[in-house]
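**Q** mind folding the following:
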Amino acid sequence: MNPMYDFIQRNRVLAKIEKAYQSKASNLELDDFDLSYFPENLLNCTELTSLNLAHNRLTSLPGQLFQLKNIKKLSLQYNSLDTFPAVLKELIHLKDLNIGHNPIRSLTFIGELVGLEVLWCNSCCLLSLPEEIGNLVNLNTLGARHNQLSSLPKSICNLKKLRWLTLEDNKLHLIPKKFEYLQELIHLNLNKNNFSYIPLQVMKLKNLRYLHLQSNEIYTLPDTLINNMNYVKINLLQNPLSYSEDLNKLFPNLILPGIELQNGTDDLPLDSDSSTEDWENSYGSSELNYSLSESDSDEEEVLVEIPKLSKYLVTF
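**A** So this is what the prediction gives:
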C-alpha cells in the first residue's frame with residue numbers, strides 16, 4: 001500500500017474516532033478507509049448506536065465488541081469476513097445488520113440475534129439459510145440476494161412480522177408449504193431463480209403488493225391465481241410465458257413478457273427492488289441508510305479533510 005495514503009487514512013480514522021469519543025456521538029462513519037483491523041480505541045465509543053464499517057478490509061471483529069453495548073445499527077458489508085462473527089450475539093440491542101458482500105458462507109449464530117429487525121446478507125456465498133433463522137421473530141426486512149440458495153428452511157415461516165423479503169438471484173424452485181403464514185409480507189422478490197410456476201401459497205398473502213418473478217421459467221398463469229391477485233403488482237418479464245393479447249388489458253397489475261419490446265425499457269423497473277414507492281417504510285436497496293453523525297457536521301482538522309482520492313497519490 002502507498003505509505004503516504006496509509007498514513008493519511010490512519011490519521012483520519014484516529015481523528016474521527018477521537019472526535020466521536022469526545023463528543024459522545026451516537027453515529028460514526030468509517031466506511032471506505034481500507035481498514036484491515038478493528039481500531040482498538042473505537043471500543044471506547046460506548047455511546048454509539050450506529051456504526052458504519054462498510055467497504056474496508058476487515059477479516060475479523062474483536063472479542064471485546066460487546067463494549068459497544070448500545071449499538072443498534074451495524075454495517076459491515078464489503079469486507080473480508082469469512083465467518084459470521086460470533087461476537088455479534090453480544091450486541092443485545094442490535095436491530096439492523098448488514099453483513100452482505102462478505103464470503104461468510106454460513107450464518108452460524110444468527111438465531112441468537114433475536115432483536116434483529118433488519119438483516120441484509122446479500123452476496124455472501126450462502127448455500128442455505130439455517131433453521132435457526134426462524135428465531136428472529138422481530139425481523140421485518142430480510143435480504144439474501146445473489147447467493148446459492150436452493151431451498152428455504154421451514155422455520156422462515158415463523159417470521160410473521162416480515163414485510164420485505166428479497167431472494168433474487170438464487171437457485172430456488174419452491175417455497176415452504178406454510179409460507180402463507182407470512183401475512184405481513186408486502187414485497188416479495190423471487191427474480192432470477194428456477195420457478196416453473198407461481199407458488200400458490202403467495203395467493204394467500206393478503207397484504208402482498210409487489211411480487212417479482214422476472215427471469216424464471218414460468219410457462220403458464222393459472223386463472224385462479226390471476227383472478228385472486230389483481231391487487232398485486234406482478235413482474236413476469238423474461239419468462240417463457242404464453243398468454244392472450246388482451247390479458248394485459250384485463251389485468252393491468254401484470255407486467256408480462258413482450259411489454260419491454262412494445263414500450264421500450266425506460267418505463268420498466270430495472271431494479272426489482274425500486275418499485276416500492278407505495279410502501280412508506282420500504283428500502284430502495286440493500287444498503288443501510290446511515291444519517292450523518294453529529295461530529296461530521298463540525299469543522300474537522302485539515303488532515304481529516306484530505307479527500308479520499310488521496311489513495312491515488314504516488315510515492316516518490
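
**Q** please make it C-alpha for all contacts and neighbour counts, starting now.
**A** Fine.

**Q** so where's the stretch 201-316 of the chain uncertain?
**A** Where the stretch 201-316 of the chain drops to pLDDT under 70, the residues are 259-316.

**Q** could I get the full set of strands for it?
**A** Secondary structure of the stretch 201-316 of the chain by DSSP state E, counting those that start in this stretch: the strands cover 210-212, 233-235, 254-255.

**Q** so which of the ones you listed comes closest to Val13?
**A** strand 210-212 (41.1 Å; C-alpha to C-alpha).

**Q** what sits up against the closest one?
**A** If you take C-alpha atoms under 8 Å, 6 or more residues apart in numbering as the criterion, strand 210-212 is touched by 186-191, 232-236, 272, 276.

**Q** returning to what we had before: and the strands of the stretch 201-316 of the chain as JSON lines, adding distance to Gln201?
**A** Listed next are these as JSON lines, based on distance: least, C-alpha to C-alpha, whole Å:
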{"stretch": "strand 210-212", "distance to Gln201": "12"}
{"stretch": "strand 233-235", "distance to Gln201": "15"}
{"stretch": "strand 254-255", "distance to Gln201": "18"}
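
**Q** quickly check the contacts of strand 210-212 for the two that are furthest apart.
**A** Farthest-apart pair in the contacts of strand 210-212 is Ile186 and Leu236; separation 17.3 Å (C-alpha to C-alpha).

**Q** reformat the strands of the stretch 201-316 of the chain as CSV; add distance to Arg105 and mean neighbour count.
**A** Converted to CSV, the strands of the stretch 201-316 of the chain look like this (distance: least, C-alpha to C-alpha, whole Å; neighbours: other C-alpha atoms under 10 Å):
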stretch, distance to Arg105, mean neighbour count
strand 210-212, 25, 23
strand 233-235, 30, 22
strand 254-255, 34, 20
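
**Q** ok, which of these comes nearest Val118?
**A** Using C-alpha to C-alpha, the strands of the stretch 201-316 of the chain put strand 210-212 closest to Val118, at 18.8 Å.

**Q** distance from the chain centre to that closest one, please.
**A** Chain-centre distance of strand 210-212: 17 Å, with C-alpha atoms, centre = their mean, to the nearest Å.

**Q** and it, which strands flank it?
**A** Paired with strand 210-212 in the same sheet, following DSSP bridges, are strand 187-189 (parallel), strand 233-235 (parallel).

**Q** now the ones you listed in CSV, with distance to Tyr181?
**A** Formatted as CSV, the strands paired with strand 210-212 follow (distance: least, C-alpha to C-alpha, whole Å):
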stretch, distance to Tyr181
strand 187-189, 14
strand 233-235, 20
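
**Q** quick one, what contacts Leu172?
**A** Neighbouring residues of Leu172 by C-alpha under 8 Å, 6+ apart: 149-152, 193-195.

**Q** out of those residues, which are inside strands?
**A** With strands defined by DSSP state E, no entry of those lies inside them.

**Q** surely Phe109 touches Glu90?
**A** No - taking contacts as C-alpha atoms under 8 Å, Phe109 lies outside contact range of Glu90: 10.8 Å.

**Q** of the strands paired with strand 210-212, which is nearest Pro176?
**A** Once the strands paired with strand 210-212 are compared by C-alpha to C-alpha, strand 187-189 is nearest, at 14.1 Å.

**Q** what's next to that closest one, contact-wise?
**A** With C-alpha under 8 Å, 6+ apart, strand 187-189 has contacts from 163-168, 208-213, 272-273, 276.

**Q** all good on my end, thank you.
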